[in-house]
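S.K.: please work out how this folds:
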Amino acid sequence: MTAIKQSSVIQENKQYALDLCPVTYVMEKIGGYWKPIIIYHLAGGPKRYSELKRAIPAITEKVLIQHLKQLEEDNLVVRESKPVVPPFVTYRLSKAGQGLQAVIDAMETWAVKDKAGKFKK
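M.R.: Residues are numbered from 1 along each chain as shown. Predicted coordinates for the structure are as follows:
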């Protein structure tokens, strides 16, 4: 993978946008297709990896693992493991992740209304 040159103009512009635009900041944390879906499923309470995989069958194992790690690095998800055999690992939303609940709920509400045709002229 290519290293990102931190002093590039693109990186400076990105940092500028992150500092000034709250929407850019949120999209940096939860952007993409799968992260909001993972957060949505974790909003119901802690889940094991296998429960998440069953809840989101279209996601590949690789992508689920990558996104869980990224969400953990961004302090939106907490990974808890118990030292037993086989390993018992659960994922839950952190306080910051729980703070996104209103955003995810708004997305859900909008989707239900749009599917019902509430926004058509």
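
S.K.: buried set for the lowest-mean-pLDDT helix or strand in the chain?
M.R.: Lowest mean confidence among the helices and strands of the chain (mean pLDDT, DSSP states H and E): helix 9-20, at a mean of 77. Buried positions in helix 9-20, judged by neighbour count with 16 or more other C-beta atoms under 10 Å: none. For the C-beta atoms, the positions are set from N, CA and C on the backbone; glycine is no exception.

S.K.: quick one, helices of the chain?
M.R.: Under the criterion DSSP state H, the chain carries helices at the ranges 9-20, 22-30, 35-42, 49-55, 61-73, 95-99, 101-115.

S.K.: can you tell me which of those helices is nearest to Pro87?
M.R.: helix 49-55 (9.7 Å; C-beta to C-beta).

S.K.: and the helices of the chain, which is most packed in?
M.R.: helix 35-42 (a mean of 20; mean count of other C-beta atoms under 10 Å).

S.K.: give me the angle between it and helix 22-30.
M.R.: Computed by axes from the mean of the first three to the mean of the last three C-alpha atoms, to 10 degrees, the angle separating helix 35-42 from helix 22-30 equals 70 degrees.

S.K.: report the angle between helix 35-42 and helix 61-73.
M.R.: 80 degrees.
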